[in-house]
Each structure stands twice: as C-alpha cells, then as structure tokens.
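>>> What follows is a predicted structure for the sequence shown.
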Amino acid sequence: MNVEPANTAPLLEVRDLVKHFDISGGLLEQLTLQGGRMVRRRTLVRAINGVSLTIQPGETLSVVGESGCGKSTLARAVMGLYQPTAGQVRYGGERIDNLDSRAMMPFRRKMQMVFQDPYASLNPRMTVRQILEEPLRFHHPGHTEAEVRDKVAEVMRQVGVRPGWADNYPHEFSGGQRQRISIARALMVDPAFVVADEPIAALDVSIQAQILNLLMDAQDQRGLTYLFISHDLSVVRHISTRVAVMYLGCLCELAPADPLFEAPLHPYTQALLSAIPRLGGKASGHIRLTGDVPTPINLPPGCVFHGRCRQAAQRCREEVPALREHAPGRFVACHAVEEGRI
Amino acid sequence: MALLARLRESYLLHSFLRDPVAVGSFIVVVLLVTAGFLAPVLAPMNPYDPAQIDVMDSELAPAWIDQDSSFLLGTDSQGRDILSTILYGTRVSVLIGLGAVALQAALGIGIGLISGYAGGRVDAVLMRVADVQLSFSTYMVAIFLGAIFQATFGVGRYEQIAVPFLIAVIGLAEWPQYARTVRASVLAEKKKEYVEAARVIGLPSGRIMWRHILPNTMTPVMVISTVQVANAIMSEAALSFIGLGMPVTKPSLGSLIKSGFEYIFSGAWWITLFPGVVLVLLILTINLLGDWMRDFLNPKLYKS
Amino acid sequence: MKIQPQDATATPRLLEVADLTVKFALRKGTLPAVSGVSFNLGPGERLGLVGESGAGKSVTGFAILNLIAKPGFIESGQVLFEGRNLTALPEDKLREVRGDRISMIFQDPMMTLNPVLTVGTQMIETLKAHRDISDKQAEAIALEKLRKVYIPSPEKRLAQYPHEFSGGMRQRIVIAIALLTNPALIIADEPTTALDVTIQAEIMDLLLELCRTENMGLILITHDLAVVSQVTQKIAVMYAGRIIEMGLTQEIISNPLHPYTQGLIRALPQSGSGRGARLEQIPGIMPSLYNIPKGCAFNPRCPKKCAICSDETPALLSRGSGSLVACHCV
C-alpha cells in the first residue's frame, strides 16, 4: 500500500501490524472446567489487528479513536516498546521491529517519544538536568561537560523553560512545564521522528494551546515528522496533514485532514466527528450510535463496527473489509462505501 | 547546607514535630542506641573483664533497695553490674538487628528488583523460593542451623562467631519480606511512563533498574526496614532466651533475660526485669517510629 | 424555560448562592479556595460552572451541599435552596436535601457505585434511605428510572454488578440513581470527562433531555467550554476561586468580555483557523492557592493589564451588556 505521491520514500512504514496481549496469566489460571473436563484456555486482547500505514518526512500523521481502539499500542509498537505479534515496522526503509537493543541504537537517536501524563513521565527522583543529560551522555559519550551543559540550556530555552531551573526536581513544576521538559528530553538527541502519545490530554485548556504551539514550532524549526496520537478531534484537525481513524484495533479511514473532516466516508468517522462538542452548537445534533463497544477480547466477526453501524449488511457481518483507496489519497475500509451504498 | 535547608522546609520534619509519639519514640531510640554504642565509656564496669568482677557481689539488689549495694540496678549471679551488662547487651542486640536487616535488605532488594523487572518465569521461580523460605519460621531455621553448627564446631567456637552467625541466620530467614515489597513496587513503577521513556532512550535494563526504578521503590523499603529491625532484635532475643543465640559470656538483652530467669523465684527479680524493660522499650519505640513513618509516607497503601 | 434577569422576579428561585467563601486551613495559613461566589438558579434552569483545575469550581459544587471536608470550611455566605439555608442546616436535616432534593454526579461512576453490590440493591437501598416504601415499590421506581436513562432490558440489568457495565452505561446508572428521588437539582461534576466523545455526546443528550422533561435544575461543572455551551443556558467562568464572568451562554460564547474568557475561547482550535496556524495562548499558569496575586488574580497573565489591576480586586458587575464581568478594563 502506498499513500500520497509515490515518488517520496516514506520515513516510517507500518505493514500489517498485529499486536495481541496474552492476559491469561499462569498455567493454573488458564485451566477451566468445561463440561466436566479440564480445558486450558488463553485470553487474548487483540489490540491491533493488521494496521498498515506510511508516514512521509515532515508530515504530521494523527491517529484518532476512542479508548481501547489500539492507538497507544500502535505508538508503542512503532517505538519498539512492544514487540509486534506479526507484521513489520520500517524506518527509512529498514526493518526495525526485530532488532536487538544494540542494533536498535542508531534508531533510538532518530525516533523519540512524548508521553501523555506529565506527572508519570519524568522520574521524580532525578533533577531536570539529570533527566535531560541522560539521553545525551548515553548516545554521545564523547561530549565534553561544557557541550552537554550548553545543549541542555539550549533545548530548555527552546521549549520555554528557564535553564536556571535545571537543578529543580519535576514536582516543583506545573503540569504544562513538565510536559515542556518531557518534550525537551525527546529533543535532546535531535531526532527526526517523534511519537506524541496524547501529549495534551492531561493539561488544562489554556496550557494545551501553549504545548501545541511548542510542538508546531519545534516541527518548523527542526523539520520533525510526527506521529500524533489523540482523542481530541478539534486538536487533530488543527495540526495534522493526514488523519488515521482507528476502531477496535483496525484502521477505518485514512485521509488528508481537511477532506476527512469535511466529508468523512466511513460511518464510524461520521459518527465520531458529529459527536465533537462545538462552541455554541446543539447537543443533540450528533449521530446516535446504538449498541455497546465490543471489547478487544471478543472481537466480532466481519467488520468490527457492524454491531453499531446503521449501514451494516450481511457482508459486513461476515467479511472483514480491506482498506481501499476510494479517491486519491483517501483510504476507507468499509463494504458500504465500496459498494456505493453510502 | 542546601540539604539542610530543604529538610527544614520539608513536610517530613513538620509532620514529625507535630507528632509527640514520634518525637518521643525517636528520642528514646536515639538514647538507647547511643548509650549502647558508648557502653565502654558509660558503663560503670566492663562485664566481659573477669578482673573487674567480684563473685562476692553476686545477686545484690538495686541500690535503692539494698543500702549496702553500690550497684544502681543490682548485680547478677556472677556479680556483674546489671546496668553495665544492659548497656553492653543493648549494643549487641542493636548490632545484630542492624546487621541482619542490612543482609535482608541486600538480598531482598536485589531479588525483588530482578523478579519484578524480569517478570515471567524468573519472577515465578524467585517468588516460589521466597514462599518456601517464608514457610519456614525464622526460629526453625535458626534452631536447625544453630544445632548443626554447635554440633560440628563445638560450643567454644560458636561463642566466638555468634554475632555474625545470628546476623546470617536472621538475615537469610527474612529476606522474602523485602523481596515481596520491592517486587510489588517495581511492578507498579515499571508501568509508569518514565520507565518507558528510559527504554525509548535505549538505556540497558540494568541501568533502568538501578538508576530509575530502584530509587522510586525506596519509600516502602524505609517503612519495612524500621519494623524489620525491631523484628530482628526480637528474633535474636527469642533465640538467646532458648539458649541458641548469644552465649552468656557475651550477652545480648535476650540472653540477659534468660540468665536471670532462673533466679526470679529466689527473689533476684532485677536480673531479668531490667533487661526485659529495655528490650520492650526498644522494640516498642522502633515500632512506633515505623508506624509514624508508614502513615506519613503513604497513608493509604501500607495500612494493612 | 425562562431565564431570569438580574433583579428578583416573581418566579421563585430554586437555588440562591450568596457571597459563598470556602477556605482551607493549611500549614501555610488559611487560604481561600472560593471567594465571594454568588449566583442564582431558577427551577429547571441549567448553569455551567467553567474553569481550569484549581479554579474552585468543584469546591463550589461541594459547598452547595455543605460537603466540604476538613481542612476546608465554609467561612461565610449562604446557600438558599427551596427556602432553606444549607450552610446553617444541621446534619440530619441536610440529609433530607442531599441525595434527595439535590443529587450529585461525579466524573468517576465508581465513586457512586459500590463494586460488591448489584445495581438493583444499590438503587433500592438508596431509595429506601429517603422514602418509607417497600422493596417492591422501590424496585418499580428503579426500573422506571433505568428506562428513563435508556438502559436496555432493565429487569435483567438490576441483578448485575457495576463491573459488568461499560463506562458509558455505568454513568447512565449513576444518573438513574440520581433521578430516584425526583430531585429538583442535579450537580454534575465533570460527568463525561472520563468518557469517549461519542459516549459523552449521548450522556449530555440524556442529561439535557431529563432536565427538560423533569424540570430539573442542573449545575454542570466542567473545564470544557464547548460541552457547556451546548447544554446550559447560563455560564459562570471561574478563575482562582472567583466568578470572573457570568451571563447567558450565547452571550458569553459570542461576545466574551473578560480577557481570560476571551483567551479560553481563542485557545480552542477552531475549524476555520487553518492548519498549523499558531493558537492564541494565555501565557503563564493559574495561580495556586498559595500565591493568588494581589488585586485581580488574572493580572499577571492579562494582556490588557493596567495600573489598578494589581491593587484592587474588581467586582462582578454589569457593564452595559447582559453579562456580569469582574474586570477593571471593560
């Protein structure tokens, strides 16, 4: 699958990625009685089920979806924090999902991550200086003391934290400032690609704008490529070049931001967008979804959305829809769209 | 200086000073421990030095009862000054308590850290070993090992190395307490995003364990350490009382209680009572201090 | 649905909060979490209390029910509800109001639900604590309320435990419990913050519908201006423990007067603003209880600050248009 003009090589590519978590515990917990016989049963959480996408250099690809849709798992699988069950992750054309930690080292310098919770993502027992120096000293052991100190001051200034506060501990900062420090840590090794996992979800409204501006400035200055994970659709629309919508571990729709927000194709995207609260809007203007969200433990057969979809037909209950290019650059996984029913 | 200023500002000191029980316990513990370690300076006589002991002074009552006695708390059956033996005995007890806890902590923290971080099979094996260890009581292990040791090397040899032996036995028997506590908090810390951030940087596991996770598990370790010191002193006293701990020639508080026990009914109650009071006081104040620390550090989590 | 103008009218008021001040006795002194908050609510009226974390909006909600826990205390002010002053009512009389005439809904449904009891048991017990009725009657009322919040097959659901429900369903159950006693007022503290957008939209729909059909008053406490603007008729914006702007929702959204409200609205990414454009941001952060600035609490962050702002706290006054605003510069 190739997205966008085919002549530019993607920076990051995810191919048919599958990630299942085995939560069945030890052998004893797996054994259950069934019809008078002991049966060993495993419980799998199917967090990601065959996701493919590419990210072009310099773009911001956002992954949106509701809780449990697998977007954070996708981010962590891309970063190598989770070993994929199947499929590939490629960076600059090279496969990275099966590398050992030594071979992964050059990629650690190019790929960094910003986390959701500014209260948990900084080690409470380390000063800001220790937190920021650690990646630099680890990846560039040859740097002199002065070089390290200058770099810390430079990056701190760039993210808007006074370098004079470097010897304070994280708990002495507000949530917004901590998130700036977290971004600074990611920038210390001068990465080209940054995964941001809900970086503003835990912040207050007036602080969210500050952090979004900082992320956009850093992208302009450093030519960063972002994989941006969020559930906040109005933020996503503002900063993304392209948007991928996930539901229950599957990609529903992948399209450039503006067309996707103006005319969503997939019934789930339509429902999701209509539910965004708008200033001064009407509460009851949204598309009502029926039924409950299935859990990723018991995935329904066919299209994962069919239980809540008004367009669901017999085919949707049996056959998993493939992600197909509906219009140039617009990918949808929906039988109804394919058949022209919507 | 910066550290001192930080301490003065800190909530820890504030909360400590507002709790009279904690302050009182702290003063008593500090007094007892310093007195014990300054025993050679403070004690009226050296009970280990046969030249200073006069058998004619045996079983003298405390000074305020018997006008003839020049010993404040009386003497034991060998004529040793009870006050002096208590001071020396406190030193031995505290030494064994601290030593055993240091060994427990070193073993338990290491094993707990590896178990919690590695997970899976390693975790399962280490924790089953810990369960097996816990199912033997400290006394059983000590009685068993002590008996074997005394039978093999003789009582004379045992008396020489009684302190390191007791430290080793109590330390080995109780490490699972630490291992379990550390493992539980490693499991909680491991999920936090700062650990993921360290992995994204590419840091090796050993460094993540020691530099990132370990310092964040120290809070519960501090809490159980106080309680474990008290427990170790109690274990040692109990072993000494049944004759498997410190020998009477080099008495701890436990062996002092034991040595006086035979004389209770002959009227020499002071030989047993005073070491007993000191032991109870020591254990009680350490535990009270531990309680305060537990309440302060985490009012919800450790109140079992 | 009638919105009351400032002066008292013939319509009886449901709730009248007058000059409410809540303080916390902490080590560093007695600090005000809520200072001089006043507002009114008519029967069936919906008010949004908006602000960022630390603005004092949740404390205000708890203070209305006289539920401030130590070291906090209500220092002064009145909460008149159906003619009774809740701040002066003894505990046993308060219980006739709390959970009966006024119900509260929290962000986390598990704060209200007991995980080891079935939903039915909890609903029946809640009801019997307030009404002298039989189990059968209570169950009938519980079923009726579950149907009101669109829980499918309520008879079956009564026998289930909270963990058997999804997050959105749990919040529906909490709303059903809140409805049991036919309250005149519901205080909802961030009721949808933990939920997904599609579920949030459904829950808000439901709350709005119930307020209309049952003629219930609603105080919606949230940080989300967009949500509030869809549901309420009036908005009170809080900052550092004070209401800094209050008025009709439409008026505040389309014509915010206070620089903070203006900043909050402009900081939201709007669909028309174009991709990648810088968002307007409010510099700095909300002051904590410990360091509320002198004068107008917003003055260090304010783009329109003038000399008087750092000396004198502005009063909440009408400045020509319909809304009340606490700012020297308007």
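Great, that's in hand.
>>> Please tell me how far the residue of the stretch 201-342 of chain A found nearest chain B sits from A:D117.
Sorted by distance to chain B under Cβ to the nearest Cβ, the residues of the stretch 201-342 of chain A start with A:A202, at 10.7 Å. Every residue, glycine included, has its C-beta placed from N, CA and C. Applying Cβ to Cβ, to the nearest Å, one obtains 5 Å for the distance of A:A202 from A:D117.
>>> do B:I109 as well
Here the criterion is Cβ to Cβ. By it, B:I109 lies 27 Å from A:D117.
>>> Same check on A:S206?
In this structure, A:S206 and A:D117 are 19 Å apart, going by Cβ to Cβ.
>>> Neighbour count: those two, which is higher?
For A:S206 against A:D117, the residue with the higher neighbour count under other Cβ atoms under 10 Å in any protein chain shown is A:S206, and the figures read 22 against 19.
>>> Ramachandran angles for the more buried one?
Note on A:S206: backbone dihedrals following degrees, to the nearest 10 are phi -70, psi -20.
>>> next one: C:I74
Dihedral pair for C:I74: phi -80, psi 120, per degrees, to the nearest 10.
>>> Wait, it touches C:V17, no?
No. C:I74 lies out of contact with C:V17 (Cβ atoms under 8 Å); the separation is 11.0 Å.
>>> between those two, which one's more packed in?
Each of C:I74 and C:V17 had its neighbours counted (other Cβ under 10 Å), and the higher figure belongs to C:V17 (24 against 20).
>>> what about that one, which helix or strand?
Per DSSP states H and E, C:V17 falls inside strand C:15-26.
>>> strands paired with that strand, and their directions?
Next to strand C:15-26 in the sheet, as set by DSSP bridges, lie strand C:29-41 (antiparallel), strand C:72-81 (antiparallel).
>>> residues near the closest residue to chain A within the stretch 1-150 of chain B, how many?
Ranking the residues of the stretch 1-150 of chain B by distance to chain A (Cβ to the nearest Cβ) places B:A124 first, at 7.0 Å. A count of nearby residues for B:A124, using other Cβ under 10 Å, gives 13.
>>> which SSE is it in?
Element membership of B:A124, judged by DSSP H and E, is helix B:120-135.
>>> Against which helices or strands is that helix packed?
When contacts are defined as 3 or more Cβ pairs under 8 Å, 6 or more residues apart in numbering or on different chains; DSSP states H and E, helix B:120-135 packs onto helix B:82-118, helix B:162-190.
>>> Would you reformat the ones you listed as a markdown table and include mean pLDDT?
What follows is the helices and strands packed on helix B:120-135, written out as a markdown table (pLDDT from 0 to 100):
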| stretch | mean pLDDT |
| --- | --- |
| helix B:82-118 | 91 |
| helix B:162-190 | 90 |
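>>> Quick one, which of those helices gets closest to chain C.
Using Cβ to the nearest Cβ as the measure, helix B:162-190 is the one of the helices and strands packed on helix B:120-135 that comes nearest chain C, at 19.7 Å.
>>> next helix or strand past the closest one?
Counting by DSSP H and E, the element after helix B:162-190 in chain order, helix or strand, is helix B:193-201.
>>> The residue of chain C found nearest chain B: neighbouring residues, count only.
Ranked by Cβ to the nearest Cβ, the top residue of chain C for proximity to chain B is C:R27, at 6.3 Å. Around C:R27 there are 9 other residues, counting by other Cβ under 10 Å.
>>> Show the contacting residues for B:V248.
Applying Cβ atoms under 8 Å, 6 or more residues apart in numbering or on different chains to B:V248 gives the contacts B:255, B:258-259.
>>> wait, A:A218 sits on A:L187?
Yes. Applying Cβ under 8 Å as the test, A:A218 and A:L187 come out as touching, 6.6 Å apart.
>>> what is in contact with these two at once?
Taking Cβ under 8 Å, 6+ apart as the contact definition, A:A218 and A:L187 share the neighbouring residues A:158-159.
>>> Looking only at neighbour counts, state which of these two leads.
The residue with the greater number of neighbours, taking A:A218 and A:L187 and applying other Cβ under 10 Å, is A:L187; the counts read 23 against 20.
>>> Do I have it right that the more buried one meets A:Q219?
No. A:L187 lies out of contact with A:Q219 (Cβ under 8 Å); the separation is 11.0 Å.
>>> How about B:V141: what's its closest non-neighbour residue?
Sequence neighbours aside, B:A173 is the residue nearest to B:V141 in space, at 4.5 Å (criterion: Cβ to Cβ, 6 or more residues apart in numbering or on different chains).
>>> Report the separation between that neighbour and B:V229.
As for B:A173, its distance to B:V229 is 15 Å (criterion: Cβ to Cβ).
>>> Can you get me the start-to-end distance on stretch C:322-330?
13 Å (Cα to Cα, to the nearest Å).
>>> What mean pLDDT does that stretch get?
Taken as a whole, stretch C:322-330 carries a mean pLDDT of 86.
>>> ok now that stretch, how far from the chain's centre?
With Cα atoms, centre = their mean, to the nearest Å as the basis, the distance from the averaged C-alpha position of stretch C:322-330 to the chain average is 22 Å.
>>> got the residue ranges for the strands in the stretch 201-342 of chain A?
Counting by DSSP state E, counting those that start in this stretch, the stretch 201-342 of chain A has these strands, from start to end: A:225-230, A:242-247, A:250-256, A:324-327, A:330-332.
>>> how about these in CSV, adding mean pLDDT, mean neighbour count and distance to B:S15?
What follows is the strands of the stretch 201-342 of chain A, written out as CSV (pLDDT from 0 to 100; neighbours: other Cβ atoms under 10 Å in any protein chain shown; distance: least, Cβ to Cβ, whole Å):
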stretch, mean pLDDT, mean neighbour count, distance to B:S15
strand A:225-230, 95, 25, 40
strand A:242-247, 95, 26, 47
strand A:250-256, 95, 25, 52
strand A:324-327, 91, 14, 64
strand A:330-332, 95, 23, 59
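>>> Make TSV from those strands and add distance to chain C to it.
Putting the strands of the stretch 201-342 of chain A into TSV (distance: least, Cβ to the nearest Cβ, whole Å) gives the following:
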stretch	distance to chain C
strand A:225-230	11
strand A:242-247	10
strand A:250-256	10
strand A:324-327	19
strand A:330-332	17
